[in-house]
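S.K.: With the sequence up front, the predicted model follows.
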Amino acid sequence: MTDVFADLFTTGPFAPPAAHPDEAGPPRAHRADAVVLAVSDARRTARHYATALALRCTAYSGPETGNPESLAYVLEAGDLRFVVTSVLQPLTEHGRLLAARVAAHGDGVFDLAVEVPDAYAAYDYAVDRGATPVTEPYEVEDRYGIAVIAVIATPAGRHTLVDRTAYPGPYLPGFLPPPPGVL
């Protein structure tokens, strides 16, 4: 079952042959999109990571951006991206899941987001091969465009499949460039 997700990353001469000559094979992941951390204090943790690892804050989500449930800071350096998130008020199932994760285990990795060219195809491929469906693909939109997101679970953990081919925004819908002094 651990190979379900690994197939998405296999490329080049080591790619497994398609099951049937008419099949295109597994959808390919573009790259790891983000390591999502669930923490008790997102601002303090983001400030620490930014300083210790020389990361810059490129996007922010919180009450000021219309998200009353949580604070999230997107920290980047090159291709490395962390999303540091803490729950203010668990208003949704996702918020309750994040809050429960922090309460039970403390600060830590909550999700590995993977950028894919087609979230619908990647989700179907993974689920057909044994991944546990968590959230079927859905579209999120803001003034920058549309992103498609799906969530699966594998024995290795939770994985968000992100298709941002039609989204040039700062991170995902609901995130804005950080205001001055956000950290």
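M.R.: Sure thing, it's come through. Numbering: from 1, shown residues only.
S.K.: and the gap between A104 and V35?
M.R.: Distance, A104 to V35, by C-beta to C-beta, to the nearest Å: 19 Å. For every residue, glycine as well, the C-beta is placed using N, CA and C.
S.K.: meant to ask about A99, not that
M.R.: Here the criterion is C-beta to C-beta. By it, A99 lies 19 Å from V35.
S.K.: between the two, who's got more neighbours?
M.R.: Neighbours were tallied for A99 and for V35 using other C-beta atoms under 10 Å; the higher tally belongs to A99 (19 against 16).
S.K.: for the more buried one, what are its contacts?
M.R.: Contact analysis of A99 by C-beta atoms under 8 Å, 6 or more residues apart in numbering lists 87, 90.
S.K.: Output the helix or strand where it lies as CSV, nothing but the C-alphas.
M.R.: Using DSSP states H and E, A99 sits within helix 93-105. Provided in CSV are the C-alpha atoms of helix 93-105 (Å, rounded to 0.1, in the frame of the first residue of the first chain):
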residue,chain,number,x,y,z
GLU,A,93,-14.2,19.5,10.6
HIS,A,94,-10.7,20.4,9.3
GLY,A,95,-10.3,22.8,12.2
ARG,A,96,-11.4,20.2,14.8
LEU,A,97,-9.0,17.7,13.2
LEU,A,98,-6.1,20.2,13.5
ALA,A,99,-6.9,21.1,17.1
ALA,A,100,-7.3,17.4,18.1
ARG,A,101,-3.9,16.6,16.4
VAL,A,102,-2.1,19.3,18.4
ALA,A,103,-3.9,18.4,21.7
ALA,A,104,-3.1,14.7,21.3
HIS,A,105,0.5,14.9,19.9
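S.K.: What's the mean pLDDT across that helix?
M.R.: Confidence over helix 93-105 (mean pLDDT, whole number) is 92.
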